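Structure for this input, please:
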Amino acid sequence: MKKLLLLITPLILILLAFRPVTMHTVSGTVTDEKGSPIAGVSIRIKGTNTGTSADHNGQFKLTSPSDKAILIFSGVGYETMEVQIAGRSTVNVTMKASVNLGTEVVVTAMGQSRKKHSLGYATVNRGVYNQPAPVATNGDISTYYHDMERLKEEPNREGYDKITENRFLKVTDNPLSTFSIDVDAASYSNVRRLLNQGQLPPAGAVRIEEMVNYFKYEYPQPTVKDPFSIQTEISDAPWNPEHKLVLIGLQGKKIPVESLPASNLVFLIDVSGSMQGPDRLGLVKSSMKLLVDQLREEDKVAMVVYAGAAGLVLPPTSGINKIKIKEAIDNLEAGGSTAGGAGIRLAYKTAKEYFVKKGNNRVILCTDGDFNVGESSDDAMERLIEEERKSGVFLTVLGYGSGNYQDAKMQKLADKGNGNHAYIDGLSEAKKVLVNEFGGTLFTIAKDVKLQIEFNPEKVAGYRLIGYENRMLAKEDFNDDKKDAGELGSGHTVTALYEIIPACVESEFLQQVDTLKYQQQVQPLSKTKYAGEIMTVKFRYKAPDGDLSQLIEHPVKDNEIKLAKTSDNFRFAAAVAEFGLLLRNSTFKSSSSYSNVLNLARKAKGTDEEGYRAEFIRMVVNAQTLAKTTTDKADDDDSE
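Predicted structure coming up:
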């Protein structure tokens, strides 16, 4: 009998090991105490690595190995909760705001000290942003993973460039305005992260053109051979009714994913010590897995990592081998210093060795930008990228983390590398950039896209381009095909806004200069056949593999529409721009107000299928509350 048991026992164990496991699917909605959905909350099955995050509507869905498992809900600014599934298929959760106090970083000659305060605020010191720890707000906490305990312990070294705003220029002195397009949207998601931590962003973090271009606009698809269509619209400037606002919109041709050329991608992953944590390397892994799921058999992926040195951890592998690629991603661990230059060199070398002619050749850099070994200065990194871009390999820069996030450096890398820049503050943003906008992020349909606007002095006394400060070009650069400019991706929209002072309006924004001695003053244009035109918009672009630019001209008639009658495109873009003016405390904000931004945005929300515009409205409410609290605190300090 004992012998029989010994023979049967292994068989029973084998059968038990392969018995079917009953999986339990659970879904639900996460809200705050006021019933508003909370996006980006992390939901994890206790004792496992299985988890997900709430989408922009606060909704989630995951599969558990047991209907008795415990779910852990955690989010920045909220108390962590544990909820047992208890056989339910729907679990709705209401999270309570955290009452933790923030921490102010005080920079002194001897180092850094800390003190408690009740609400965060921003200061800028030598280009480095010193931010407090996250605190509770009464609004939405968006897509952001964060290790709060680590932030309390570490000093803040975020780096932002100072932005000198474009001023109003007289048309008689400066009839031409020239700039490069910008499809980056990193500023918006970074500002969202800062607001959701309970603080107003520093002015250097607010790039208004990137905030406007975060959103999709319903411009018509191109119908001619050119890769994009052009749309213009004119109305009153919402923050200054005496001025006009002109919208210029570009719509890139949308190419179906299945029709995109083969991709030769190199993931360049920063695995240095500064990338430790769920909001850094942990989020990088999740992001890259989302991208891997979009790849086809003809696409190839290699992976280079760098810390103290650089190495190739995955040779070029077909997109059909998703398990192999994801295993390589899962094996990544953070530690060591940051030899960014060495990593970039190896990534470009790998991309060039497996270059796909007429294909999408691209390095995707995932980092916090905190390089500290080898080429680390901005000048050295720029020269390196400028040299490497000659190979025809494009660059996508994905930023992660907080506390040491080097925004200024990331911007420079993307600009010099014929590339784009996004800031990933959570899995929802990763999905937007790498899944929903896969073609636009990774496939270029036109490069070196420049705009030059000539204003009609009969109609316009002065003008100001809102944003694009780091994209301005000399007028001579427009016809110079050697001059680098921005790239347009498949399906991307680009929006630019000009605030115009009409010829009949006297304005304090237009500064007078002395009469010229050696040449006659330029006189406004007399009435001609162009009298009905307010401006002419000229575009130059090259094919992705081309060296010679193509020219498009688009005259704009002075057909003004009442603000209430303008398109949702116009009013929503204007609302985002006005929000940026407020966050920057712009010299040109005139009568801007948060209530005006909310009124415009709510009436221009449109269908908003993905919920991004609704999220923007919640952000504005958060900022309005923070601005009021900061003002009240300043008043209290003055009265002491």
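
what's around Val393, how many residues?
If you count neighbours by other CB atoms under 10 Å, Val393 ends up with 23. Just so you know, the C-beta spots here come from the backbone N, C-alpha and C atoms, and that holds for glycine as well.

With the one 10 residues further on instead?
Applying other CB under 10 Å, we find 24 other residues in the vicinity of Gly403.

And for Thr515?
Thr515: 7 neighbours (other CB under 10 Å).

Surely it is within a helix?
No. Assigned with DSSP: H, G, I helix; E, B strand; the rest coil, Thr515 falls outside any helix and is coil.

need the helices for the stretch 151-300 of the chain, in chain order.
For the stretch 151-300 of the chain, applying DSSP state H, counting those that start in this stretch gives helices covering 186-196, 208-212, 281-292.

quick one: which of these is nearest Ala503?
helix 208-212 (25.7 Å; CB to CB).

circling back: CSV for the helices of the stretch 151-300 of the chain, including distance to Lys603 and mean pLDDT?
What follows is the helices of the stretch 151-300 of the chain, written out as CSV (distance: least, CB to CB, whole Å; pLDDT from 0 to 100):
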stretch, distance to Lys603, mean pLDDT
helix 186-196, 21, 94
helix 208-212, 17, 97
helix 281-292, 34, 92
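
Point out the one among those helices that comes closest to Pro261.
Closest approach to Pro261 among these is made by helix 281-292 (16.8 Å; CB to CB).

can you list the residues that contact the helix or strand just after the closest one?
Note on helix 281-292: by DSSP states H and E, the next helix or strand toward the C-terminus is strand 300-306. Outside strand 300-306, the residues that touch it by CB atoms under 8 Å, 6 or more residues apart in numbering are 262-272, 292, 295, 310-319, 325, 328-329, 332, 338-340, 342-343, 346-347, 350-351, 354, 356.

just to revisit the earlier point, now the helices of the stretch 151-300 of the chain in CSV, with mean neighbour count?
Converted to CSV, these look like this (neighbours: other CB atoms under 10 Å):
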stretch, mean neighbour count
helix 186-196, 26
helix 208-212, 27
helix 281-292, 22
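
now those helices as a markdown table including distance to Ala54?
Output for those, formatted as a markdown table (distance: least, CB to CB, whole Å):
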| stretch | distance to Ala54 |
| --- | --- |
| helix 186-196 | 13 |
| helix 208-212 | 24 |
| helix 281-292 | 14 |
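
Just the buried residues out of the contacts of strand 300-306, in PyMOL syntax.
To isolate the buried members of the contacts of strand 300-306 in PyMOL, using 16 or more other CB atoms under 10 Å:
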select buried, resi 262+263+264+265+266+267+268+269+270+271+272+292+295+310+314+316+317+319+325+328+329+332+338+339+340+342+343+346+347+350+351+356
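
out of the contacts of strand 300-306, which are inside strands?
263-270, 310-318 (DSSP state E).

so what's the nearest residue to Val301 once chain neighbours are set aside bridging to?
Nearest residue to Val301 in three dimensions, chain neighbours excluded: Leu265, at 4.9 Å (CB to CB, 6 or more residues apart in numbering). Judged by DSSP bridges, the bridge partners of Leu265 are Val301, Arg362.

Distance check, Leu265 against Thr52.
25 Å (CB to CB, to the nearest Å).

Now do Leu551 against Glu242, distance only.
Taken as CB to CB, the span from Leu551 to Glu242 is 34 Å.

any idea of the mean pLDDT for whichever strand or helix holds Arg613?
Element membership for Arg613, per DSSP H and E: helix 612-639. For helix 612-639, mean pLDDT is 81.

same question, stretch 85-102
Rounded mean pLDDT across stretch 85-102 is 77.

Export it to PDB, keeping only CA atoms.
Provided in PDB are the C-alpha atoms of stretch 85-102 (Å, rounded to 0.1, in the frame of the first residue of the first chain):
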ATOM      1  CA  ILE A  85     -12.800  42.000  -3.100                       C
ATOM      2  CA  ALA A  86     -15.100  39.600  -1.200                       C
ATOM      3  CA  GLY A  87     -16.500  37.900  -4.300                       C
ATOM      4  CA  ARG A  88     -17.600  41.200  -5.900                       C
ATOM      5  CA  SER A  89     -17.100  42.100  -9.500                       C
ATOM      6  CA  THR A  90     -17.500  45.800  -8.900                       C
ATOM      7  CA  VAL A  91     -15.500  47.700  -6.300                       C
ATOM      8  CA  ASN A  92     -16.100  51.400  -6.000                       C
ATOM      9  CA  VAL A  93     -13.800  53.300  -3.700                       C
ATOM     10  CA  THR A  94     -13.900  56.800  -2.100                       C
ATOM     11  CA  MET A  95     -10.400  58.000  -1.100                       C
ATOM     12  CA  LYS A  96      -9.700  60.500   1.600                       C
ATOM     13  CA  ALA A  97      -7.300  63.400   1.100                       C
ATOM     14  CA  SER A  98      -4.000  63.100   3.000                       C
ATOM     15  CA  VAL A  99      -3.400  65.500   5.800                       C
ATOM     16  CA  ASN A 100       0.400  65.300   5.500                       C
ATOM     17  CA  LEU A 101       2.200  68.700   5.600                       C
ATOM     18  CA  GLY A 102       4.600  69.700   2.900                       C
END
